[in-house]
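In: Turn this into a model:
(one chain, ligands or ions: 2)
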Amino acid sequence: MVTSNDAGLSVPDWPTSFGSLYKIPKLVGGVKFEHTHRMIGQGAGLLTIILAWWTWVVEKRRWMRILGLAALGTVIAQGVLGGLTVLFFLPPPVSSAHAALAQTFFCIAVAMALFTGRRWVEEQPRVEFDQRRPSLFTLTLLSIFVLYVQLILGAMFRHHGLSWWPHVVHAVLVSFVLAWTAVRALTVYPQIEAVRRPAVLMLSLVIAQLCLGFTAFLTRISWGRDAVQPELPMVLATVAHVAVGALLLATTVILAIQVWRHVPVAFEETLPEAQRDPSAA
Ligand code: HEM
Ligand code: HEM
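Out: Ligands and ions are numbered 1, 2, ... in the order given. Take a look at the predicted model:
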């Protein structure tokens, strides 16, 4: 809402807001979005401090305690990037880094929810080794990678640092890689629910995201080019496109984690010549 409403510099100072660390300014015009965004950011930061501390105290899995700290580090860096983009008048690389780190933080939080869920903790995973190449796990990692590139290209356009076409052209590659991944998951492992569900969701979200992308394009670039101020259809379309983009990335991360758990990659063992069984020759 801050970016789509062009409200990024409505509050010109940081870490204070109009000179105060705690007073809530009059929430008018762009200040409504920018200051509310800071307050929600602070709330998210506070919750993350509790989350990291609680995880550190009660969690037995060491890597989960580290993940809690990673969430905390990410949210702190996110706040600092938010502040820096204000202090330097919204440079595209800093605003885009703020946009990309936001989704990284979201993915860490979602992964922590998955790892602490009852299913994850109680379930005995049914494991099937994946013999295919590229493996499904490789495909999920590739999906995450192309989604990040798409996120950065979209953010650079949204923050006036790049033209729109690299993002739109790259969307073709994203659609191809994600469709390949989903079709592989759904045709080879339809019986594994933990893999099937995120794969179906990912495919549905890609389709929705493409439709929203075209709507964002129409309202921002075709119709909204000469608009004197942000118009409601453009705000709704772009905000929905950014939000579904975040859901899509998080769903793909969950799919990758579930594939890693349920369908690990099978490695062929190659023994040195001397150790081979002579009777097999
Ligand atoms: C948990 C903390 C935070 C999260 C998760 C977060 C997330 C986000 C997201 C997702 C956007 C939209 C990016 C886009 O549209 O491309 C954004 C924009 C923005 N955020 Fe934050 N933010 C946080 C904290 C802060 C803080 C503390 C500030 C302090 C000033 C801040 C300032 C801004 C500004 C100015 C923009 C608009 C940038 C522009 O229009 O170029 N954010 N934030
Ligand atoms: C599956 C494919 C796609 C994904 C994952 C995706 C994702 C994103 C994300 C995450 C952003 C915002 C980045 C940020 O600042 O936080 C964005 C911006 C944008 N995307 Fe996409 N996108 C996709 C396809 C498309 C397509 C096909 C179009 C147009 C035909 C499109 C048009 C746009 C536009 C116009 C913006 C900027 C919105 C604005 O200016 O406020 N996207 N995209």
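
In: from the chain, which residue is nearest to ligand 1?
Out: Per C-beta to the nearest ligand atom, residue 82 is where the chain lies closest to ligand 1, at 2.4 Å. Glycine gets a C-beta too; all of them are placed from N, C-alpha and C.

In: For stretch 20-33, give the mean pLDDT please.
Out: Averaging the model's pLDDT scores along stretch 20-33 yields 96.

In: what comes into contact with the helix or strand of the chain with the lowest mean pLDDT?
Out: Ranking every helix and strand in the chain by mean pLDDT, DSSP states H and E puts helix 118-122 at the bottom, with a mean of 94. With contacts defined as C-beta atoms under 8 Å, 6 or more residues apart in numbering, helix 118-122 is touched by 114, 194.

In: Following the chain past it, name the next helix or strand.
Out: helix 136-158 (DSSP states H and E).

In: tell me the mean pLDDT over that following helix?
Out: 98.

In: Report the angle between the helix or strand following that helix and helix 136-158.
Out: Sequence-wise, the next helix or strand downstream of helix 136-158 (DSSP H and E) is helix 165-188. Comparing the axes of helix 165-188 and helix 136-158 via axes from the mean of the first three to the mean of the last three C-alpha atoms, to 10 degrees yields an angle of 160 degrees.

In: that older thread, thought residue 97 was touching the residue of the chain closest to ligand 1, still the case?
Out: No: proximity of residue 82 to residue 97 does not meet the contact threshold set by C-beta atoms under 8 Å, at 10.2 Å.

In: Have a look at these two and say which one is more surrounded.
Out: residue 82 (23 against 19; other C-beta atoms under 10 Å).

In: And that one, how close does it get to residue 9?
Out: 12 Å (C-beta to C-beta, to the nearest Å).

In: ok so, going back, and the residue of the chain closest to ligand 1, what is it in contact with?
Out: Applying C-beta under 8 Å, 6+ apart, the residues near residue 82 are 14, 38, 41, 98.

In: ok, which residues in the stretch 51-200 of the chain are in contact with ligand 1?
Out: 75, 78-79, 82-83, 85-86, 90, 95, 98-99, 102, 105, 155, 158-159 (C-beta under 6 Å from any ligand atom).

In: Flag the shaky bits of the stretch 151-281 of the chain, pLDDT-wise.
Out: 270-281 (pLDDT under 70).

In: And the helices in it?
Out: 165-188, 193-217, 232-262 (DSSP state H, counting those that start in this stretch).

In: Likewise for the stretch 1-150 of the chain?
Out: Residue ranges of the helices in the stretch 1-150 of the chain, as given by DSSP H, counting those that start in this stretch, are 29-58, 62-87, 92-116, 118-122, 136-158.

In: most packed of these?
Out: Highest mean neighbour count among the helices of the stretch 1-150 of the chain (mean count of other C-beta atoms under 10 Å): helix 136-158, with a mean of 20.

In: list the helices and strands that one packs on?
Out: helix 92-116, helix 165-188, helix 232-262 (3 or more C-beta pairs under 8 Å, 6 or more residues apart in numbering; DSSP states H and E).
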